[in-house]
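Chemist: sequence? don't have it. structure:
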């Protein structure tokens, strides 16, 4: 897997180690020690590729806006097909060829497309994007049991209601991970680490079909509550710069000065 966020994440991590140890590659530094990971991407020669950047979004949309709750202690979420199938949105996990200036050159696809390196007609560098959306409806029970206690909203990931069985709305959590494509190269032979059967070494011909991602919460509790109150639950607020919908000189933010920087995570 390719890891982001908490720099001490390993197979033995628990909530205490996540919340109290390690640095963080996030712009909020130790105010967000959350661990994020997704399958590593390999090129056709078997070389692991380092992402250009990872954007992690915490938003609220549609009917869930205004009712979002902060993350409970020890919350662990996995995004995979078995808990995303109730959504009518076909793009809860997808890939696309992406213009560096922000436009997708083709519609999102369930498996990895062949993206051509170089520049687009408007001069933007072409990138390969892996996009993964997480279930954000929570039952209120064991926050580490993702199989039973998380699901996606009814009808549509962006705008549906949470079902009665999972009534608590979490932020709309989404990973967008971007990879450079060198001029003259393409992604026809790229694949995910999880596309390879460990026992046989056989690679799934449907490249990217194994897409999934993981999240182990390590937000500073005060900052998480501020984000939910001032960004997720405040109407018509844009917190894309990481300022929690306020001013960096506000007393509530001043003691967390490191967080007042442009930051997707």
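Modeler: Happy to help now that I have it. This structure is a prediction, so every number in the text was calculated from the model and none was measured.
Chemist: Please make it C-alpha for all contacts and neighbour counts, starting now.
Modeler: Fine.
Chemist: Now residue 233: closest residue in space that isn't a chain neighbour?
Modeler: residue 66 (3.8 Å; Cα to Cα, 6 or more residues apart in numbering).
Chemist: separation between that neighbour and residue 93?
Modeler: 25 Å (Cα to Cα, to the nearest Å).
Chemist: And for the residue nearest to residue 233, the neighbour number?
Modeler: A count of nearby residues for residue 66, using other Cα atoms under 10 Å, gives 17.
Chemist: And the one 10 residues further on, by the same measure?
Modeler: Using other Cα under 10 Å, the number of residues around residue 76 comes to 21.
Chemist: List the buried residues in the helix or strand containing residue 222.
Modeler: According to DSSP states H and E, residue 222 maps onto helix 221-227. By neighbour count with 16 or more other Cα atoms under 10 Å, helix 221-227 contains the buried residues 221, 223, 224, 225, 226, 227.
Chemist: returning to what we had before: and the pLDDT for the residue nearest to residue 233?
Modeler: Looking at residue 66, its pLDDT is 82.
Chemist: Also the one 10 residues further on?
Modeler: As summarised for this prediction, residue 76 has a pLDDT of 95.
Chemist: just the one 10 residues further on next, same as before
Modeler: With respect to pLDDT, residue 86 scores 53.
Chemist: likewise residue 57?
Modeler: 88.
Chemist: rewinding a little: OK, contacts around the residue nearest to residue 233?
Modeler: Counting by Cα atoms under 8 Å, 6 or more residues apart in numbering, residue 66 touches 60, 232, 233, 234, 235.
Chemist: burial count for the first one?
Modeler: To tie it back to what came earlier, the one meant is residue 60. For residue 60, the count of nearby residues is 25 (other Cα under 10 Å).
Chemist: Going forward, the N-terminal residue is numbered 203.
Modeler: Yep, numbering from 203; the last one is residue 262 now.
Chemist: gap between it and residue 441?
Modeler: Counting by Cα to Cα, the gap from residue 262 to residue 441 is 11 Å.
Chemist: now do residue 226
Modeler: In terms of Cα to Cα, residue 226 sits 20 Å off from residue 441.
Chemist: And for residue 413?
Modeler: Distance, residue 413 to residue 441, using Cα to Cα: 28 Å.
Chemist: got it, and residue 220?
Modeler: The value you get for residue 220 to residue 441, if Cα to Cα is used, is 25 Å.
Chemist: Check residue 298 too.
Modeler: Counting by Cα to Cα, the gap from residue 298 to residue 441 is 25 Å.
Chemist: Show me the strands in the stretch 253-402 of the chain, by range?
Modeler: Along the stretch 253-402 of the chain, counting by DSSP state E, counting those that start in this stretch, strands occupy 255-261, 278-281, 295-301, 328-335, 339-340, 352-353, 370-371, 374-382, 393-394.
Chemist: how far does the second one sit from the chain's center?
Modeler: The chain centroid and the centroid of strand 278-281 are separated by 10 Å, computed with Cα atoms, centre = their mean, to the nearest Å.
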